[in-house]
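got a sequence here, can you build the structure:
(one chain, ligands or ions: 1)
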Amino acid sequence: MNIDKIAELLNKNDKLLLSAVSEEDRYLSQISEKYSVEKSALFNSARKMMSYGLLKIINEITIGYSLTELGRKYLSSGLPEYVLVKKIRENPPLSYQDIKKMPLDADEISAAIGTLRKNKIIQVNMDKFILDETKVGLIEKKNALLDMSDLDKISDNVDLTDLLRRNIIRKSETVNEKIEITENGINVLKSSSFNKDLVDRLTPELIKNWRGVGFREYLLDTEPLTRPCGRRNIAKQFSSKVKDVLATMGFKEMHSNYAESSFWNFDIMMFKQDHPDRDIQDTIYIDAPKPKVPKELLEKVKQVYEKGFNSAKNDKSIGYRREFDERKSKVLIMRGHTTATTFRYISDYISKNKDAPAKYFSVSKVFRNETSDQTHLPEFYQVEGIVYDDNLSLSDLVGYISEFYKKMGIDKIRLKPTYNPYTEPSLEIQAFSPKINRWIEVGNSGVFRPETLEPFGIKKNIVAWGFGFDRTLILRLGIGDIRLIYGGFADLDFLRSAESRKLFGEFS
Ligand code: PHE
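Numbering: from 1, shown residues only. The predicted structure follows:
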């Protein structure tokens, strides 16, 4: 279309925006303030002129940080680990009894001790806490971060993961629309029609007296801005494929709730009651009335936990020889693994029909108090599987794992011994990601320990696994970041592209 014609199509706001942009005002919010025009009106103008090819809109994302309420509290008191370090330094060597007297609550104390021990800043020797002065700098630096009057100025190479995860600081993103004028835009500005005063709204007066007035023309031949239509996210498609694959392998689907009691998520699997996975830093607790827990089963779990059991088939189990606290079972959380669901099925189905072999699976969501990165999300999917039959062994498990990943089109996997409180032996599954250029964990598996099956009176072996669905998906898609698939960083163009769809075609 010719430049003069385009110039005649612009209304007052369009012209104002175009002139402002040509004079180095680049941001919509800035222009809106300067000329007192609503930002939404300017945004409409910008989109319209973008479709005419007069300007470009670039979304600039700025990341900022601020202290949360907890952060502000720590700003004046110091981070618990910092407070603890100072205390140990003043009164070395400090005992646990002394620490308990400090003005910190129990969660803060255990988290602080955990962090300090993990970083080898303190050592515990005969209940005395000893400080390694050479490493204290790390904690001092972290504490000083809170003090920065302007967290916004934090540079990329400061590691804030821990502070974010503990909800001490929060991250925010603001989008600023930056406008750039194009060649055509400049030509329109210069065109003789730009300053013509054209009327684009009829009034009763104009109808009576319109001679000599210039009207803006309607543009009847422009293409509408195309909008992509809605589609299922590829993760949903992939999930259907995975379910099909497992169904053809003879597995039945399991279902249960996202919210679960600690009993089904931890105790039934013999997680020690002070196991770090139960920490509020890893598990999402729900402030809700106590969930119901099956009384008889709870009694049996408590028995095995405290004292173990005797069985002809297995060696004697001596239990943890510690007190089991029922109150810790009756707490509602967001389930951290779908193995909670597996144990509900063991209880509801397998234990009630011990002669029949059984195979179950689920592809469902789990929740962990985690900061997102390339391979982590606080909500993610697990592909859980369980097989109950006569004479199962580790090699059967390896067989299922290999078959599944082969069917997923992932050949390069390796297995590594690992530890779970509820399986023995246990195998971690790793796959090589060419994009990330290292082996990443894609699953975890094992043979359930007799202690976890004793409360159900089950004597046969059960093999089970939890595969990371999202990580398998990114390997399959040949991308190196799970955040491209869900949430604010999702790459919609990629998700929509035929390329990513084609990859699943190969399954069917
Ligand atoms: N629950 C484990 C996880 O979340 C996976 C797993 C399932 C391991 C069953 C062993 C047996 O990582």
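
for stretch 29-36, list the C-alpha coordinates in PDB.
Only the C-alpha atoms of stretch 29-36 are listed here, as PDB (Å, rounded to 0.1, in the frame of the first residue of the first chain):
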ATOM      1  CA  SER A  29       4.900   3.400  29.600                       C
ATOM      2  CA  GLN A  30       7.200   6.400  29.300                       C
ATOM      3  CA  ILE A  31       5.200   7.800  26.300                       C
ATOM      4  CA  SER A  32       1.900   7.100  28.100                       C
ATOM      5  CA  GLU A  33       3.100   9.200  31.100                       C
ATOM      6  CA  LYS A  34       4.700  12.000  29.100                       C
ATOM      7  CA  TYR A  35       1.600  12.600  26.900                       C
ATOM      8  CA  SER A  36      -1.000  11.500  29.400                       C
END
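
got the residues of the stretch 301-450 of the chain near the ligand?
337, 339, 420, 423, 444-446 (Cβ under 6 Å from any ligand atom). (Glycine included, C-beta is placed from N, CA and C.)

in helices only, show me those.
residue 339 (DSSP state H).

in TSV, list the residues of the stretch 301-450 of the chain next to the ligand along with neighbour count and pLDDT.
Formatted as TSV, those follow (neighbours: other Cβ atoms under 10 Å; pLDDT from 0 to 100):
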residue	neighbour count	pLDDT
337	20	97
339	29	98
420	22	96
423	23	97
444	21	98
445	24	98
446	23	98
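
any idea whether the residue in the chain that the ligand sits nearest to is helix, strand or coil?
The chain approaches the ligand most closely through residue 466 (2.8 Å), counting by Cβ to the nearest ligand atom. With DSSP: H, G, I helix; E, B strand; the rest coil as the basis, residue 466 sits in strand.

number of nearby residues for it?
Neighbour count for residue 466, taken as other Cβ atoms under 10 Å: 22.

was I right about residue 349 contacting residue 343?
No. Using Cβ atoms under 8 Å as the test, residue 349 is too far from residue 343 to be in contact (11.2 Å).

okay, these two: which has more neighbours?
residue 343 (27 against 15).

skipping its backbone neighbours, what lies nearest that one in space?
Among residues not flanking residue 343 along the chain, residue 268 sits closest, at 4.8 Å (Cβ to Cβ, 6 or more residues apart in numbering).

quick one, strands of the stretch 301-450 of the chain?
332-334, 358-367, 379-388, 413-420, 423-433, 438-448 (DSSP state E, counting those that start in this stretch).

likewise the stretch 1-150 of the chain?
55-67, 94-95, 122-125, 128-131.

mind putting those strands into a markdown table with mean neighbour count, mean pLDDT and distance to the ligand?
Converted to a markdown table, the strands of the stretch 1-150 of the chain look like this (neighbours: other Cβ atoms under 10 Å; pLDDT from 0 to 100; distance: least, Cβ to the nearest ligand atom, whole Å):
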| stretch | mean neighbour count | mean pLDDT | distance to the ligand |
| --- | --- | --- | --- |
| strand 55-67 | 14 | 88 | 31 |
| strand 94-95 | 16 | 82 | 36 |
| strand 122-125 | 15 | 83 | 28 |
| strand 128-131 | 18 | 84 | 32 |
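
which one of those strands lies closest to residue 203?
Comparing the strands of the stretch 1-150 of the chain against residue 203 with Cβ to Cβ, the closest turns out to be strand 55-67 (30.5 Å).

check contacts around the closest residue to residue 115 other than its chain neighbours.
Excluding the flanking residues, the one nearest residue 115 by Cβ to Cβ, 6+ apart is residue 81, at 5.0 Å. By Cβ atoms under 8 Å, 6 or more residues apart in numbering, the contact set of residue 81 is 111-112, 115-116, 121, 139, 142.

again, 6 Å this time
Listed by Cβ atoms under 6 Å, 6 or more residues apart in numbering, the contact partners of residue 81 are 112, 115-116, 139.

show me these that map onto helices.
Using DSSP H, these in helices are 112, 115-116, 139.

any quick ChimeraX command for the buried ones out of the residues you listed?
Of the ones in helices among the contacts of residue 81, the buried ones can be selected in ChimeraX as follows, counting by 16 or more other Cβ atoms under 10 Å:
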select :112,115,116,139
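
got TSV for the ones in helices among the contacts of residue 81, with distance to the ligand too?
Formatted as TSV, the ones in helices among the contacts of residue 81 follow (distance: Cβ to the nearest ligand atom, whole Å):
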residue	distance to the ligand
112	26
115	23
116	26
139	30
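
and the ones in helices among the contacts of residue 81, which is closest to residue 326?
Comparing the ones in helices among the contacts of residue 81 against residue 326 with Cβ to Cβ places residue 112 closest, at 27.7 Å.

quick one: the closest one and residue 85 touch, right?
No. Here residue 112 does not reach residue 85: they are 8.6 Å apart, not a contact under Cβ atoms under 6 Å.

circling back: could you export the strands of the stretch 1-150 of the chain as TSV, including distance to residue 428?
Listed next are the strands of the stretch 1-150 of the chain as TSV, based on distance: least, Cβ to Cβ, whole Å:
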stretch	distance to residue 428
strand 55-67	33
strand 94-95	37
strand 122-125	28
strand 128-131	33
